[in-house]
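**Q** Quick one: sequence and predicted model below, then my questions.
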Amino acid sequence: MTEMTEKREKPGTARVLTVLTTTDAPEKADALARGAVEARLAACAQVTGPVTSVYRWEGEVRSEHEWQVSLKTTEARYDALEAHLRAAHDYDTPEIIATPVVRGGADYLAWVAAESDTGAADG
C-alpha cells in the first residue's frame, strides 16, 4: 500500500470498487446485476441504457446499443465477481473494468463491504 493510500483508508475498512460491464439487452443486464448481488459478489448494481457503444471488433468499426451494469463491491471480492461475470456473460470479450472508489460516505462504504461479504446476514 502506498503512503497516500494508507493516509486515506482507515484501519479495518475495505477498499470499495465500482465494476462496469455492458451487454446487448436489458434482460441480460438485469440477470448479470441480479446474479452478482444474489451471490454476494456485489452489494448492489445499477443498470442504465441504452447507451451507444462505438468500438472496433475484428477489423471493423461497429456501433451498437448496449446496457451498462455498474456493480459496487470490495477489492477482496473482485476476482470472484470477475469470474462470475465471465461465466454468465455471452460476449467473447466482455468489458469488465474496475475503478477504485477513492472517497465516499463512510456508512455507504461500510454497507457495500458488509453486503459483499459471504458471511453477511441478509438485510
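**A** Arrived safely. Being a predicted model, the structure only gives us computed values, none of them experimental. Numbers count the residues shown, from 1 in each chain.
**Q** and the residue nearest the centre of the chain, which of the three is it?
**A** Central residue of the chain (C-alpha atoms, centre = their mean): residue 19, 2.6 Å from the mean position. Under DSSP: H, G, I helix; E, B strand; the rest coil, residue 19 falls in the strand class.
**Q** May I have the secondary structure class of the nearest residue to it once chain neighbours are set aside?
**A** With C-beta to C-beta, 6 or more residues apart in numbering as the criterion, residue 19 has its nearest non-adjacent residue at 4.5 Å, and that residue is residue 71. To be clear about C-beta, it is placed using only N, CA and C from the backbone, and glycine gets the same treatment. Classification of residue 71 using three-state DSSP returns strand.
**Q** can you give me the helices for the chain?
**A** 3-8, 26-38, 78-88, 106-115 (DSSP state H).
**Q** could you dump these to JSON lines with distance to residue 50, mean pLDDT and mean neighbour count?
**A** JSON lines is the format used below for those (distance: least, C-beta to C-beta, whole Å; pLDDT from 0 to 100; neighbours: other C-beta atoms under 10 Å):
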{"stretch": "helix 3-8", "distance to residue 50": "36", "mean pLDDT": "42", "mean neighbour count": "10"}
{"stretch": "helix 26-38", "distance to residue 50": "8", "mean pLDDT": "98", "mean neighbour count": "17"}
{"stretch": "helix 78-88", "distance to residue 50": "19", "mean pLDDT": "98", "mean neighbour count": "16"}
{"stretch": "helix 106-115", "distance to residue 50": "27", "mean pLDDT": "95", "mean neighbour count": "16"}
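**Q** Looking at those helices, spot the one closest to residue 65.
**A** helix 26-38 (9.9 Å; C-beta to C-beta).
**Q** who does the closest one touch, helix- and strand-wise?
**A** strand 16-23, strand 44-57, strand 60-74, helix 78-88 (3 or more C-beta pairs under 8 Å, 6 or more residues apart in numbering; DSSP states H and E).
**Q** got the CA positions of it in CSV?
**A** Below are the C-alpha coordinates for helix 26-38, written out as CSV (Å, rounded to 0.1, in the frame of the first residue of the first chain):
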residue,chain,number,x,y,z
PRO,A,26,-31.8,-5.2,-20.8
GLU,A,27,-32.8,-8.7,-19.7
LYS,A,28,-29.1,-9.8,-19.8
ALA,A,29,-28.0,-6.7,-17.9
ASP,A,30,-30.6,-7.4,-15.2
ALA,A,31,-29.5,-11.0,-15.0
LEU,A,32,-25.9,-10.0,-14.6
ALA,A,33,-26.8,-7.5,-11.9
ARG,A,34,-29.1,-9.8,-10.0
GLY,A,35,-26.8,-12.8,-10.2
ALA,A,36,-23.9,-10.9,-8.7
VAL,A,37,-26.0,-9.4,-5.9
GLU,A,38,-27.6,-12.7,-5.1
